[in-house]
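K.L.:
Requesting a structural model of the entry that follows:
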Amino acid sequence: MGSITWPSSADIARLGMKVWRKTPCITGVVWVFFVFAVSGCQPTQDSPEAQYNLGVKYANGEGVPQDDSEAVRLYRIAAERGHAEAQNNLGVMYANGRGVTLDDAEAVRWYRMAAEQGEPRAQFNLAGMYDEGRGVLADAGEAVRWYRMAAEQGEARAQYHLGDMYAGGDPWDRIWSRRNRVERAPPVPTDTVLAHMWFNMAGANGEARARTQRERLERYMTREDIKRATDYARRCVESGYRECGSGQHADSPAPSR
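P.N.:
Numbers count the residues shown, from 1 in each chain. Prediction:
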């Protein structure tokens, strides 16, 4: 089955004029409005959205041969025209060395462009680069800031990472500390109430690990704290992520040692 080909605005206009000549005036008026509607929404093959979508197909091998290099080429075209999702995906390709030479600094550059446009996956990815010190100096404060921005848009992985941080630091950080025999300050003060809150929301948004972590955390919490955390999560969601925790639970990084 072939793809649908949209008629051009000029073709529709010509058809509208024919209808105008042969039918009452009102029909012609309807066609004029139809021209404006279609010309404003018809897809074009060279639009950033179309380039991005085609890039995704090549990256995943959906309906076309899987080709990372072609995916990168298409992502780059869309990304250079400001398409945030393409910028994020191009960052992913650089971070994983798919279709290009692995380059963390270039990945950070594209993640940042998309993140600053509000793309939640890019915000999560940029947070991870700050968290791990890949392509940029490690910065716990920046990691928390970008994780939170993504989390407040419903990004479940970011919500999970915030929960892990409040529970006492993420596993990667603990492994890094052991390997390098250094003590690193936690990115945020340990707070089981906020940890439970973020795990709860991440689990509700489909992050299975968060549900497991929430249940484990509850073993060390009082009933009052569990209720408070649940109330925080409910208020956070109902406010559109504008009220996540009380004034006594600010998301500020712990002071460095």
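
K.L.:
Could you list the buried residues of stretch 100-107?
P.N.:
Judged by neighbour count (16 or more other C-beta atoms under 10 Å), stretch 100-107 contains these buried residues: V100, D103, D104, E106, A107. Backbone N, C-alpha and C define where each C-beta goes, glycine included.

K.L.:
so who does the fourth one touch?
P.N.:
Under the criterion of C-beta atoms under 8 Å, 6 or more residues apart in numbering, the contact partners of E106 comprise G91, Y94, V100, G135.

K.L.:
before we move on, back to that, farthest pair within the buried residues of stretch 100-107?
P.N.:
Across the buried residues of stretch 100-107, the longest distance by C-beta to C-beta is 11.9 Å; it joins V100 and D104.

K.L.:
which neighbours do those two share?
P.N.:
Y94.

K.L.:
Return the distance of the helix or strand A127 falls within from the chain's centre.
P.N.:
Assessed by DSSP states H and E, A127 sits inside helix 120-132. Put simply, helix 120-132 sits 9 Å off its chain's centre (C-alpha atoms, centre = their mean, to the nearest Å).

K.L.:
What count of nearby residues applies to E119?
P.N.:
Neighbours of E119 under the rule other C-beta atoms under 10 Å: 24.

K.L.:
quick one: low-confidence parts of the chain?
P.N.:
1-45, 169-186, 246-257 (pLDDT under 70).

K.L.:
Next, name the residue at the spatial heart of it.
P.N.:
R121 (1.8 Å; C-alpha atoms, centre = their mean).

K.L.:
Test my guess that that residue contacts W146.
P.N.:
No - if you go by C-beta atoms under 8 Å, R121 and W146 don't touch, sitting 11.3 Å apart.
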